[in-house]
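Participant: When you get a sec, could you give me coordinates for this:
(one chain, ligands or ions: 2)
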Amino acid sequence: MEQLKVMTIFGTRPEAIKMAPLVKKLKKDDNINCIVTVTAQHREMLDQVLDLFEIKTDYDLDIMSDQQTLVDITVNVLKNLETVLNKEEPDLVLVHGDTTTTFIGALSSFYKQIDIGHVEAGLRTGNKYSPYPEEMNRHLTGVLTDLNFAPTINNKHNLLKENVDENKIFVTGNTVIDAIQEIVKENYKFDNEKLKDVDFDNNKVILLTAHRRENLGEGLTGIFKAVNDIIKSNRDAEVVFPVHLNPKVRKTAYKHLGDNKKVHLIEPLGYLEFANLMNKSYLIMTDSGGIQEEAPGLGKPVLVLRDTTERQEAIQAGTVKKVGVNREKIFKEADLLLNNKQEYLKMAEAINPYGDGKAVARIIDYILFHYKIKGVKPEPFQVD
Ligand code: UD1
Ligand code: UDP
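Facilitator: Ligands and ions are numbered 1, 2, ... in the order given. The predicted structure follows:
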C-alpha cells in the first residue's frame, strides 16, 4: 500500500516541544511517510529542542532575523514554504498551536489545496489582541483546518460555538504531557553551572518566565518590579529566570533585575533542564502558554502574568491563578503563596486536566482512520 505523506511544519520552541513526540511516532509508522519542515522562526531555541529529541529535519527555511516583525515572519515563511510544498505535495500538513509559523503554514497549505491538521486546536480567550497575535493566529488557522485535534473537551466546545463541524474535531489531550512524561526525573541533577548555585533545599525557589508581545514595555516592567518587591520581603525566596532571547525582553530584564543577587538571570534552558527545574521549584510565575499546562501535572502552583488566558481548565481546577501584570497584585499573590501554607497547598494539589500521555497515539490513529487506512475510530481523551 502507498504511504500517506504527512508534512509537519513548526518553527518556535513551544511548537517543537509539543510536536517532537508526534514527529518521532509518525516517523516510526509504516503507513506514513513523515517529512519534517521547520521554518526556524526561532533559531537557537528551536535547535535546543531538535537536538534533545534527535529530530532530523528535511527542510529548514532558516528565516529568523534579529528583531523580526510579524510581517517579516509572514512574508518569509509564505514565500519559502511555497517551494517546499510544490516539491513534496504532501497529503496532509500538520501545524501546531498559534504562532505566525502555524497560521502561515496553514495558509500556504490552503493555497495548494492540501489537507490541514491543527494540533492544539480550539484554545480561545475571545480577545483579539490578547494574546497578540496568537488569538488571531489560532482563529485564522482554525478557519482553514480540516482535522482539529483539540486537547480538551472545553477546546472542542469553543470550536462548536464557531460552527465547526463536529466530525472535524477530535479530543486528544495535549501532546506536551507526552513530552514532559519522557523528560522529568525525580533524582535529576542539573548540568547548568548556574543552577548548581541555587539553594533548592533551604530556599523557596520561584521560576520566572516572561516574553509575550503584549507584555513588552510596561507589562514586563510591572512584573520585574514586583519580583524585586517579593525578594525584599521574603528572605528565603530566590528567583530563577531563564531569559528569552528576544532582545526587547533581555533589555528590560537586565535593567530591572540585573543587580539583584537573589535573582538568577540565565540563558534559555534546554527542555530537559527546564522541565526538571519546574519540578524542583516552589512556585512558577509566567506569561507562557505551555507552562500553564505542564505545571499542574507536576503539582506546582502557577501565577499567570497575563490579563487573559486560554487555559481555563487549570484555573477552574485551582492550580493556576491569573494575576495580570500589575506590580501590587503580583506581589500580594506571590507573598501569600510564600507565607501561607494552606493557600499554597490548595493550589499545589496535583491535578492534570491536560492529558494522559497518549495524545500522540490518538492523533495518529485518528489520521489513519480518517484516510481509511485503519477501520477503527479511536476513543477521545477524557479526564478521569
Ligand atoms: C514567538 C511566537 C509566540 C510564542 C513564542 C515562544 C509569534 C508571533 N510569536 O514569540 O507565540 O509564544 O515564540 O517563545 O509567532 N530570538 C533569537 N533566537 C531564538 C528565538 C528568538 O535570537 O532562538 C530573538 C530574535 O531576535 C527574534 C526575537 O527573539 O527576532 C523574537 O522572536 P519571535 O519568534 O518573533 O517572537 P517571540 O516573542 O519569540
Ligand atoms: N521552556 C524551555 N526552556 C526555557 C523556558 C521554557 O524549554 O528556558 C519550555 C517550557 O517548558 C514550555 C515551553 O518552553 O514547554 C514554553 O515556551 P514559551 O514560553 O517560549 O512559549 P509559549 O508556551 O508561551 O508559547
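Participant: Which positions within stretch 302-321 qualify as buried?
Facilitator: Neighbour counts over stretch 302-321 (16 or more other CB atoms under 10 Å) mark 302-314, 319-321 as buried. Where you see a C-beta, it was placed from the backbone N, CA and C, and this is true even at glycine.
Participant: Write out the residues of the stretch 101-250 of the chain neighbouring ligand 1.
Facilitator: Neighbours of ligand 1 within the stretch 101-250 of the chain, by CB under 6 Å from any ligand atom: 133-134, 211, 213, 245-247.
Participant: tell me the two of these that are most distant?
Facilitator: The two members of those with the most space between them (CB to CB) are 134 and 247, at 20.2 Å.
Participant: Please say which of these two ends up with more neighbours.
Facilitator: Looking at residue 134 and residue 247 with other CB atoms under 10 Å, you find the greater number of neighbours at residue 134, namely 22 against 10.
Participant: Am I right that the more buried one is in contact with residue 99?
Facilitator: Yes - with contact defined as CB atoms under 8 Å, residue 134 reaches residue 99; the gap is 7.1 Å.
Participant: which residues are common contacts for the two?
Facilitator: Between them, residue 134 and residue 99 share no contacting residue under CB atoms under 8 Å, 6 or more residues apart in numbering.
Participant: So what touches the helix or strand hosting residue 336?
Facilitator: With elements taken from DSSP states H and E, the one containing residue 336 is helix 327-339. Helix 327-339 has contacts (CB under 8 Å, 6+ apart) with 204, 206, 222-223, 225-226, 229-230, 233-234, 236-237, 282-283, 285, 301, 303, 305, 321, 323-324, 343-344, 347.
Participant: Try it again at 10 Å.
Facilitator: By CB atoms under 10 Å, 6 or more residues apart in numbering, the residues outside helix 327-339 that reach it are 204, 206, 221-230, 232-234, 236-237, 239, 282-283, 285, 301, 303, 305, 321-324, 326, 343-348.
Participant: Which of those fall in helices?
Facilitator: 221-230, 232-233, 343-348 (DSSP state H).
Participant: on that earlier part again, list only buried entries from the contacts of helix 327-339.
Facilitator: 204, 206, 221-230, 234, 237, 239, 282-283, 285, 301, 303, 305, 321-324, 344, 347-348.
Participant: For the stretch 51-200 of the chain, give the residue positioned nearest to ligand 1.
Facilitator: Scanning the stretch 51-200 of the chain for proximity to ligand 1 using CB to the nearest ligand atom identifies residue 99 as nearest, at 3.2 Å.
Participant: thought that residue was touching residue 106?
Facilitator: No - Residue 99 is not in contact with residue 106 according to CB atoms under 10 Å; the separation is 11.1 Å.
Participant: Can you pull the residues that touch both of these two?
Facilitator: Shared contacts of residue 99 and residue 106, counting by CB under 10 Å, 6+ apart, come down to 137-138, 141.
Participant: check which helix or strand covers residue 186.
Facilitator: Using DSSP H and E, no element contains residue 186; it sits outside every helix and strand.
Participant: how near is it to residue 298?
Facilitator: Going from residue 186 to residue 298 by CB to CB, to the nearest Å gives 11 Å.
Participant: contacting residues for the residue nearest to residue 131 when sequence neighbours are not counted?
Facilitator: Excluding the flanking residues, the one nearest residue 131 by CB to CB, 6 or more residues apart in numbering is residue 212, at 5.7 Å. Residue 212 makes contacts with 130-132, 134, 219-220, 244, 246, 249, 286-289, 305-306, 325, as judged by CB under 10 Å, 6+ apart.
Participant: Go again with 8 Å.
Facilitator: Counted by CB under 8 Å, 6+ apart, residue 212 has contacts 131-132, 219, 287, 306.
Participant: Now it, what are its backbone angles?
Facilitator: Main-chain torsions, residue 212, degrees, to the nearest 10: phi -60, psi 140.
Participant: and if you look at residue 94?
Facilitator: Taking degrees, to the nearest 10, you get phi -110, psi 120 for the backbone angles of residue 94.
Participant: That one contacts residue 117, correct?
Facilitator: Yes - Residue 94 sits in contact with residue 117 when judged by CB under 8 Å, with a separation of 4.5 Å.
Participant: which one of the two has more residues nearby?
Facilitator: Higher neighbour count among residue 94 and residue 117: residue 94, with 27 against 24, using other CB under 10 Å.
Participant: ok, back up a step: check the offset of the helix holding residue 336 from the chain's centre.
Facilitator: Between the centre of helix 327-339 and the centre of its chain there are 25 Å (CA atoms, centre = their mean, to the nearest Å).
Participant: So for it, mean pLDDT?
Facilitator: Helix 327-339 shows a mean pLDDT of 98.
Participant: if we can go back for a sec, need the contacts of residue 212 in a markdown table with distance to ligand 2, can you?
Facilitator: Listed next are the contacts of residue 212 as a markdown table, based on distance: CB to the nearest ligand atom, whole Å:
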| residue | distance to ligand 2 |
| --- | --- |
| 131 | 8 |
| 132 | 12 |
| 219 | 14 |
| 287 | 7 |
| 306 | 10 |
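Participant: Just give the nearest non-adjacent residue to residue 227, would you?
Facilitator: Leaving out its chain neighbours, the residue that sits closest to residue 227 by CB to CB, 6+ apart is residue 239, at 5.8 Å.
Participant: how close does the one you found sit to residue 255?
Facilitator: From residue 239 across to residue 255, the span is 16 Å (CB to CB).
Participant: What of residue 355?
Facilitator: Noted for residue 355: a distance of 38 Å to residue 255, by CB to CB.
Participant: Before I go, just wanted to say thanks for your time.
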